[in-house]
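Q: everything below, folded, please.
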Amino acid sequence: TFLYCWNEFLFALSFTLGPDRYTVPVAITLFRGRYQVPWGEVLAATVLASVKWGIPALAERAVAAAPLSVDQRVGDTAFKALKSAWLDPSRLSEERIAEVRAIFDSFASAAPRIPLQLSVMSSEDLPPNALALPNGRIIITDGMILHILGKQAAFDEPARARLAGVLAHEIGHIEQRHSM
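A: Numbers count the residues shown, from 1 in each chain. Modelled structure (predicted):
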């Protein structure tokens, strides 16, 4: 690993076209003066680079290595916590919820990475919202559904498209494991 990084350093130092294209290791070495090294600035640049690129890269690798059973446990725990603090059963009619489920089922992936579940919930404390939990559960609030409908009594094509967009966005979070 060290040799690979060192080779990358030499390549980047040799072939980058200017300071605006330097890689992080090359840019950090430029803090060095002719007769001294400003260690405070070098350390600050190293910490900032670690926070901006190092921690996200490490988190990405850790999530990729975690088994799907971890997603399930985290999602189950999060859903229980959300239900106890902010979520209540939906106050929408069964017909309205069935419409939402039908729209969801019409485009939800046939072979998702993890089985998808849709929960329509009410919340007095949250603004109109939809949430994706790592266990495949998508929560959409009554407020979001009513916001999507606007003054209409039923889902017309633009409202169906808006709802589908919101739900597809949440599916993307689940498929990419963003909540992990």
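
Q: would you point out which residue is most central in this structure?
A: The chain has H178 as the residue nearest its centroid, 3.1 Å off, counting by Cα atoms, centre = their mean.

Q: which one is that residue nearest to, not counting chain neighbours?
A: Distances taken as Cβ to Cβ, 6 or more residues apart in numbering put A132 closest to H178, at 7.3 Å, once the chain neighbours are dropped. The way it works is simple: take the backbone N, C-alpha and C, and place the C-beta from them, glycine included.

Q: pretty sure the one you found contacts E170?
A: Yes - counting by Cβ atoms under 8 Å, E170 is a contact partner of A132 at 4.0 Å.

Q: list residues touching both of those two?
A: Counting by Cβ atoms under 8 Å, 6 or more residues apart in numbering, the contacts common to A132 and E170 are I138.

Q: would you map the strands across this protein?
A: For the chain, applying DSSP state E gives strands covering 88-89, 117-122, 130-132, 137-141.

Q: quick one: mean pLDDT for the second one?
A: So that's strand 117-122. Averaged over strand 117-122, pLDDT sits at 96.

Q: angle of that strand against strand 137-141?
A: Interaxial angle, strand 117-122 versus strand 137-141 (axes from the mean of the first three to the mean of the last three Cα atoms, to 10 degrees): 20 degrees.

Q: okay, now the sheet partners of strand 117-122, with direction.
A: When sheet partners are counted by DSSP bridges, strand 117-122 sits next to strand 88-89 (antiparallel), strand 137-141 (parallel).

Q: make a markdown table out of the ones you listed and add mean pLDDT.
A: As requested, the strands paired with strand 117-122 are arranged in a markdown table below (pLDDT from 0 to 100):
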| stretch | mean pLDDT |
| --- | --- |
| strand 88-89 | 96 |
| strand 137-141 | 97 |
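
Q: where does the chain have low pLDDT?
A: Along the chain, the model assigns pLDDT under 70 to residues 1-7, 9-10, 111.
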